[in-house]
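Peer 1: No letters, just coordinates:
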C-alpha cells in the first residue's frame, strides 16, 4: 500500500534531506503508520520504546518493530519516571483539578531519544504527537535542550494526518496492529496515569463510554464492601501504604501500582476535564489515576496539618507555577529547578500518616497524624480540657480590620 499522495507530497517537501531518523515508538496506530510511511519514503528508522509502566511494558512495541523490520531499542524508564512523580507529588501536581501527567513523562522520553540519536549519530528525531495538545511542546522543548543539533519531525502534526485516514492506511498496508482496538480512542499510559483522547471522547455533551476505561470500575460496579487504606509520608513523599482491610502493604515505587489497583477497584480516580492547551484550543481529556488521586489528596491534607497559613499560601502559589511550567513543556528550565529548591525545603516537616475509607467512588478521610503537626486539640477545644483563654481574643477582635472599618465609615458618612 503506497503512502497517500497528499501525505507523500507533503513529506517529500517537509523532510527533504532526511536519510535516517530515531523515532519514539509505542507500537500503536500512529507510530506504526509513521514508520511504514518513512520506510516507503526511503528513510531509515531506528525505533525507541520506553517502559513507563504501561500495560505490557515494551513487549508490544518490540513485536511491532520486529514485524516492521526496524532497528529497535527498548528502555526501562520506570525508576526515572518514579523520581519525576515524587517531585510531582511534592508539588501537588494538579492544575485546576486535572492531573499533571504528560509533563512528568515526556521530558524522560526526550532524554532517551536524544541519547539514542547521539549514539547512532542520527540528526533527526521523530515523535507521534499531534498539533492539538501540549505533548508536542513537552517533547520538543526538551529535545531542543538535549539535542539542539537534531531536526525534529512530527508527522501527525507536520503532515496534518487525519485519524480516519491513518486507520484506512493501516488496514490497507496490513500493519501489525489491532485496528479494532486502536480505532475508538488514543491512549497515553504510564503507571502514573492513563489519559484517554479521541474516538467518542471529544463530544462533551455525552458521558464517557465505560468501554474507554481500563483501570477503574464505575461506582455501580465497585464492591459493596469498602476498603480502608493508610499512607505514610516522609519529607513529603509516600514511603508506605497499607490496605488496612487485608494487611497488604507496599513501599517506595510499589505504592503506586498498589493504590492504582485498590483505588481503581473502588471507582477512585476518574477525571473528565476540558483542558486549555497552550496552542489555544480547548480539548476534552479523560484520565484514570487512582494512585495519583489518593496520594495528592493525602499529601495536601498533611501539608495543612504541619504548615502555617502563610507557608500554605506561598506553597500554593509555587505549586501552581511549577505545574503550569512543567505542563507547558519547560521541565529543562532554570525556573523549574529554582522552584524545586523551594518545594524541597518546604517538605521537611511533611511527615505523617493518613488513612481513608474507599467506597464506590468516594474517599472519606478517617485519620491524620504527624509528629510535626501544628494542630493542637487542647488549643482549639472549648471543653474543660482546653487551654485557650477566650478572653485573650477580646482586644484583638476590637482592632481587627480597623482600617477597612474606618474606610467604610468615611465613605458612607
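Peer 2: Okay, I see it. A quick note: this is a predicted structure, and the numbers were derived from the prediction, not measured.
Peer 1: can you tell me the helix or strand for residue 314?
Peer 2: Per DSSP states H and E, residue 314 falls inside helix 309-327.
Peer 1: actually residue 260, not the one I typed
Peer 2: Using DSSP H and E, the element containing residue 260 is helix 255-265.
Peer 1: ok, back up a step: angle of whatever helix or strand comes next after the helix holding residue 314 against helix 309-327?
Peer 2: Using DSSP H and E, the helix or strand that follows helix 309-327 in sequence is helix 334-346. Helix 334-346 and helix 309-327 are oriented at 140 degrees to each other (axes from the mean of the first three to the mean of the last three CA atoms, to 10 degrees).
Peer 1: buried ones in helix 334-346?
Peer 2: Of the residues in helix 334-346, 336, 339, 342-343, 346 count as buried by neighbour count, 16 or more other CB atoms under 10 Å. Every residue, glycine included, has its C-beta placed from N, CA and C.
Peer 1: Nearest to residue 102, out of those residues: which one, please.
Peer 2: Distance to residue 102 across the buried residues of helix 334-346 (CB to CB) is lowest for residue 336, with 15.1 Å.
Peer 1: Quick one: residues contacting the closest residue to residue 32 other than its chain neighbours.
Peer 2: Spatial nearest neighbour of residue 32, excluding adjacent residues (CB to CB, 6 or more residues apart in numbering): residue 175 at 4.6 Å. Residues near residue 175 by CB atoms under 8 Å, 6 or more residues apart in numbering: 32-33, 36, 68.
Peer 1: With pLDDT, neighbour count and secondary structure as new columns, can these be given to me in TSV?
Peer 2: Shown next, in TSV, are the contacts of residue 175 (pLDDT from 0 to 100; neighbours: other CB atoms under 10 Å; DSSP: H, G, I helix; E, B strand; the rest coil):
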residue	pLDDT	neighbour count	secondary structure
32	92	27	helix
33	89	26	helix
36	90	22	helix
68	94	20	helix
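Peer 1: for those residues, which one is nearest residue 190?
Peer 2: Using CB to CB, the contacts of residue 175 come closest to residue 190 at residue 32, 20.0 Å.
Peer 1: wait, that closest one sits on residue 170?
Peer 2: Yes: between residue 32 and residue 170 there is a contact under CB atoms under 8 Å: 6.6 Å.
Peer 1: helix, strand or coil for residue 61?
Peer 2: helix (DSSP: H, G, I helix; E, B strand; the rest coil).
Peer 1: residues near it, how many?
Peer 2: Applying other CB atoms under 10 Å, we find 25 other residues in the vicinity of residue 61.
Peer 1: ok, now how distant is it from residue 49?
Peer 2: Remark: distance between residue 61 and residue 49 (CB to CB, to the nearest Å) = 3 Å.
Peer 1: shared neighbours of the two, which are they?
Peer 2: Joint contacts of residue 61 and residue 49 (CB under 8 Å, 6+ apart) are 25-27, 72, 74.
Peer 1: burial count for residue 108?
Peer 2: 20.
Peer 1: What backbone torsions are found at it?
Peer 2: Dihedral pair for residue 108: phi -70, psi -40, per degrees, to the nearest 10.
Peer 1: Pretty sure it sits against residue 79.
Peer 2: No: Residue 108 sits out of contact with residue 79 when judged by CB under 8 Å, with a separation of 10.3 Å.
Peer 1: Tell me where the stretch 1-150 of the chain has helices.
Peer 2: Secondary structure of the stretch 1-150 of the chain by DSSP state H, counting those that start in this stretch: the helices cover 5-14, 29-40, 59-68, 78-90, 102-120, 135-146.
Peer 1: Now do the second one against helix 5-14: the angle between them, please.
Peer 2: Calculated by the same axes, to 10 degrees, helix 29-40 forms an angle of 70 degrees with helix 5-14.
Peer 1: Just checking, which helix or strand of this protein averages the lowest pLDDT?
Peer 2: Of all helical and strand segments in the chain, the minimum by mean pLDDT, DSSP states H and E falls on helix 179-182, at a mean of 63.
Peer 1: so after it, what's the next helix or strand?
Peer 2: strand 186-189.
Peer 1: Where does the prediction get shaky in the protein?
Peer 2: Applying pLDDT under 70 to the chain flags residues 1-4, 179-184, 199-200, 377-384, 386.
Peer 1: What separation do you get for the spatially closest residue to residue 41 that is not a sequence neighbour and residue 353?
Peer 2: Leaving out its chain neighbours, the residue that sits closest to residue 41 by CB to CB, 6+ apart is residue 11, at 5.7 Å. Separation of residue 11 from residue 353 (CB to CB) stands at 56 Å.
Peer 1: Equivalent analysis for residue 170, please.
Peer 2: Taking CB to CB, one finds residue 170 at 50 Å from residue 353.
Peer 1: Neighbour count: these two, which is higher?
Peer 2: residue 170 (22 against 17).
Peer 1: For the more buried one, identify the helix or strand it belongs to.
Peer 2: helix 163-173.
Peer 1: Could I get the buried residue list for that helix?
Peer 2: Residues of helix 163-173 classed as buried by neighbour count (16+ other CB under 10 Å): 163, 166-167, 169-170, 173.
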